[in-house]
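Enquirer: sequence-free structure coming up:
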């Protein structure tokens, strides 16, 4: 008897009809001879609605109380889904994250899982129960409920699959898998059959909203193969697995597997910093202490013993970054800070880049021909990212998608 972990996102449990549909899929999986653990997110836009309510009360809510509030969304889902499964005669029990034995560190709103005690879940599976677990939440060392960051239900599912040594981990959403580009923007974007952990990590970190990047990190670490698929279709989705398995299936990896973009970026530039050892360490050390994750960094060549540093962060960290920089930069005579909110990051990703030179030049030429200016560049072995003006994002995605041959029609012609 196989053990399957099934995760359903908020759009999959947004109303009573959808909850009943998810219940039918879970029961069908159980009747097929499997043990089933289902992880669910809060219904629909409930998390966003709760955030809005909190911000109407205060602009600076205590993080502990914010976790107490946000964790309620998943509790609504697990109880309603358990009721729907019980109504069709299947044995079921719902559990919060803490009840399922998930413990995390003390970092509220973006906690990291430390351990999963599988005993309670295994005991319920041994009783032939379907187990419904609230995603996104865990218990911290102080005995308080904490949350795992946006998209944390993906992490819950993958971590449970690893801890329980599940035979498969299926992540369900309202799309049929991972696409070469956002199908809401590029209508003929093709679905990718197989994508490596590293490619998926780069896509997630570049703005693709398919899987939380931390869930992919855990999947890679523990060898959990993920099947990303649609709640509302029986079609095969996308398998996220090791690069070795993908290369065994395909003689050659695609040059570029996908294109991602992220509008949730802000660029800070610090002008006229002294060109001295320790200056960058002081600036970025201060940001690290307040929990700001810096993405791309560019430092100019020194002129008259002064230089400029530009870097990008997530928009949600803009306010506290500005406050920290105002405090730090005041120590450097003549230095000043500029914030640009009107930027976006565009990225191309593919393991085929490892063995193909000239990809960066091709990307830059495509953008240049369309009059798109590049403000910053960052590269890795399998990714090239550029910061551009946000007004050019859709045009950039469309042109890169066409020129790198990622449309459905192009792929069909190659077969």
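Expert: Structure's in. What do you need? If you're wondering where the values come from, they're calculated on a predicted model, not measured in any experiment. Numbers count the residues shown, from 1 in each chain.
Enquirer: where does the stretch 301-415 of the chain dip in pLDDT?
Expert: 408-415 (pLDDT under 70).
Enquirer: show me where it has strands.
Expert: 306-314, 336-340, 343-349, 376-380, 383-389 (DSSP state E, counting those that start in this stretch).
Enquirer: please identify the most buried of the ones you listed.
Expert: Each of the strands of the stretch 301-415 of the chain was scored by mean neighbour count; the highest is strand 343-349, a mean of 25, by mean count of other CB atoms under 10 Å. From N, CA and C alone the C-beta is placed, and that goes for glycine too.
Enquirer: isn't residue 284 right up against residue 294?
Expert: Yes. Using CB atoms under 8 Å, residue 284 is in contact with residue 294, at 6.2 Å.
Enquirer: any chance of the strands of the stretch 301-415 of the chain in JSON lines with distance to residue 159 as columns?
Expert: Output for those, formatted as JSON lines (distance: least, CB to CB, whole Å):
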{"stretch": "strand 306-314", "distance to residue 159": "23"}
{"stretch": "strand 336-340", "distance to residue 159": "36"}
{"stretch": "strand 343-349", "distance to residue 159": "24"}
{"stretch": "strand 376-380", "distance to residue 159": "25"}
{"stretch": "strand 383-389", "distance to residue 159": "25"}
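Enquirer: compare the ones you listed and give me the one nearest residue 2.
Expert: With respect to residue 2, and counting by CB to CB, the nearest of these is strand 343-349 at 31.7 Å.
Enquirer: if we can go back for a sec, overlap in contacts, residue 284 and residue 294.
Expert: Any residue near both residue 284 and residue 294 by CB atoms under 8 Å, 6 or more residues apart in numbering counts here, and that gives residue 311.
Enquirer: all helices of this protein, in order?
Expert: Assigned by DSSP state H, the chain shows helices spanning 16-31, 46-57, 63-87, 119-126, 152-164, 197-205, 213-222, 243-249, 279-289, 318-329, 359-369, 393-403, 408-414.
Enquirer: dump those to TSV, plus distance to residue 375 and mean neighbour count.
Expert: Formatted as TSV, the helices of the chain follow (distance: least, CB to CB, whole Å; neighbours: other CB atoms under 10 Å):
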stretch	distance to residue 375	mean neighbour count
helix 16-31	42	18
helix 46-57	30	14
helix 63-87	33	20
helix 119-126	48	16
helix 152-164	31	27
helix 197-205	19	24
helix 213-222	24	20
helix 243-249	31	13
helix 279-289	19	15
helix 318-329	17	15
helix 359-369	11	15
helix 393-403	12	18
helix 408-414	30	11
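Enquirer: including distance to residue 4, could the ones you listed go into TSV?
Expert: Listed next are the helices of the chain as TSV, based on distance: least, CB to CB, whole Å:
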stretch	distance to residue 4
helix 16-31	6
helix 46-57	26
helix 63-87	15
helix 119-126	11
helix 152-164	9
helix 197-205	20
helix 213-222	15
helix 243-249	19
helix 279-289	39
helix 318-329	41
helix 359-369	38
helix 393-403	34
helix 408-414	30
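Enquirer: out of these, nearest to residue 349?
Expert: Closest among the helices of the chain, once you apply CB to CB, is helix 197-205, at 4.5 Å.
Enquirer: what about that closest one, distance to the chain center?
Expert: Centroid displacement of helix 197-205 relative to its chain, using CA atoms, centre = their mean, to the nearest Å, is 9 Å.
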